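Chemist: Structure for this input, please:
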Amino acid sequence: MRLLITDDESGARRKVRRFLSDQSDIEIVGEAANGHEALEFILHEQIDAMLLDIRMPSLDGFALLQALPEDRRPLVVFATAYDEFAVKAFEAHAVDYLLKPFDRTRFITALDRLRQRFQNTATDDLHQRIASTLAQLTPEPTYTRQFLVPDEQQMHVVHRDDIDWIEAAANYAVLHCGAKRHVLRTSLTALEKKLDPDLFCRVHRQAIVHLKKVVTLEALFKGDMVLHLSSGGEVRLSRRYREAFLQRFHH
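Modeler: Residues are numbered from 1 along each chain as shown. So this is what the prediction gives:
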């Protein structure tokens with residue numbers, strides 16, 4: 001069983017390595033100090049199981065699982081020093097959980113449960129239950145906070161707050177993030193449903209803008225306007241969407 005250790009505390013990772021030192025059937029594929037590192041491991045390596053800390057900076061354990069395609073999620077044993085509510089919620093859905101600080105006896109118990117699950121190849125039910133639990137822990141309605149964007153060599157995690165505006169391009173959506181461009185295979189209409197309406201607004205048939213990135217508005221002819229963004233970019237606001245856009249600033 002190929003296992004990835006994911007924890008932002010180096011001492012916790014060393015502890016797990018020590019507990020696994022005499023477990024000959026476990027191969028430690030690597031260590032990840034945060035969710036972004038773990039994401040790269042899982043997308044590029046064959047990972048069967050993962051010891052996953054819940055609270056990590058930037059991309060926490062929950063966000064990591066949500067960013068992964070369902071068929072790429074490894075078996076998971078969660079570890080946490082906090083979030084007792086999450087521990088209770090995952091108790092029936094994950095392979096196991098460890099409440100920090102845990103000792104070797106408790107760790108081996110979790111490892112044995114992981115082995116049993118690994119030997120059972122029917123993991124689809126586990127994936128469904130983890131997905132169900134993630135949905136229960138996320139307030140409704142849910143809006144996408146991070147996008148997983150592929151290119152020819154790797155996957156990029158793009159946070160919604162880094163997006164200045166989004167442009168329609170045939171069957172694709174282009175995320176404009178400063179000087180960077182990221183392309184998603186989705187329509188602008190489908191993507192709009194995933195965006196928080198308090199932050200994003202449709203301003204043109206082919207454009208959505210992040211409201212916090214708008215600095216000034218410049219009037220054009222026939223009721224159209226140009227939105228000047230903090231990044232230096234410019235986006236056309238058509239007359240059709242102007243009233244709805246301006247209403248966003250009247251709350």
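
Chemist: Pass me the low-pLDDT residue ranges in the stretch 151-251 of the chain, would you?
Modeler: Within the stretch 151-251 of the chain, the stretches with pLDDT under 70 are 250-251.

Chemist: what do you get if the cut-off is 90, keeping everything else the same?
Modeler: 151-156, 170-171, 185, 193, 221-223, 243-244, 247-251 (pLDDT under 90).

Chemist: what about the helices in the stretch 51-200 of the chain?
Modeler: 61-67, 84-91, 104-119, 124-137, 188-192 (DSSP state H, counting those that start in this stretch).

Chemist: what does the longest one rub up against?
Modeler: In other words, helix 104-119. By C-beta atoms under 8 Å, 6 or more residues apart in numbering, the list of residues contacting helix 104-119 from outside reads 1, 16, 19-20, 23, 25-26, 48-49, 75, 77, 95-98, 123, 126. To be clear about C-beta, it is placed using only N, CA and C from the backbone, and glycine gets the same treatment.

Chemist: how about the CA coordinates for it, as PDB?
Modeler: Provided in PDB are the C-alpha atoms of helix 104-119 (Å, rounded to 0.1, in the frame of the first residue of the first chain):
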ATOM      1  CA  ARG A 104       1.300   4.200  18.600                       C
ATOM      2  CA  THR A 105      -1.500   1.800  19.700                       C
ATOM      3  CA  ARG A 106      -4.200   4.100  18.300                       C
ATOM      4  CA  PHE A 107      -2.200   4.600  15.100                       C
ATOM      5  CA  ILE A 108      -1.800   0.900  14.500                       C
ATOM      6  CA  THR A 109      -5.600   0.500  15.000                       C
ATOM      7  CA  ALA A 110      -6.200   3.100  12.300                       C
ATOM      8  CA  LEU A 111      -3.600   1.400  10.100                       C
ATOM      9  CA  ASP A 112      -5.300  -2.000  10.500                       C
ATOM     10  CA  ARG A 113      -8.600  -0.500   9.400                       C
ATOM     11  CA  LEU A 114      -6.800   1.100   6.400                       C
ATOM     12  CA  ARG A 115      -5.400  -2.300   5.500                       C
ATOM     13  CA  GLN A 116      -8.800  -3.900   5.600                       C
ATOM     14  CA  ARG A 117     -10.300  -1.300   3.400                       C
ATOM     15  CA  PHE A 118      -7.400  -1.500   1.000                       C
ATOM     16  CA  GLN A 119      -7.900  -5.200   0.600                       C
END
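
Chemist: Just give me how far that helix sits from the chain centre.
Modeler: Distance of helix 104-119 from the chain centroid (C-alpha atoms, centre = their mean, to the nearest Å) equals 27 Å.

Chemist: Tell me the buried residues in it?
Modeler: For helix 104-119, the neighbour count (16 or more other C-beta atoms under 10 Å) marks 107, 110-111, 114-115, 117-118 as buried.

Chemist: And for the shortest one?
Modeler: Of the residues in helix 188-192, those scored as buried under the neighbour-count criterion (16+ other C-beta under 10 Å) are 188, 191-192.

Chemist: Report all helices and strands that that helix contacts.
Modeler: For helix 188-192, the packing partners by 3 or more C-beta pairs under 8 Å, 6 or more residues apart in numbering; DSSP states H and E come out as strand 165-169, strand 207-210.

Chemist: go on, the first one?
Modeler: Using 3+ C-beta pairs under 8 Å, 6+ apart as the contact definition, the elements that helix 61-67 packs against are helix 35-44, strand 49-53, helix 124-137, strand 146-150.
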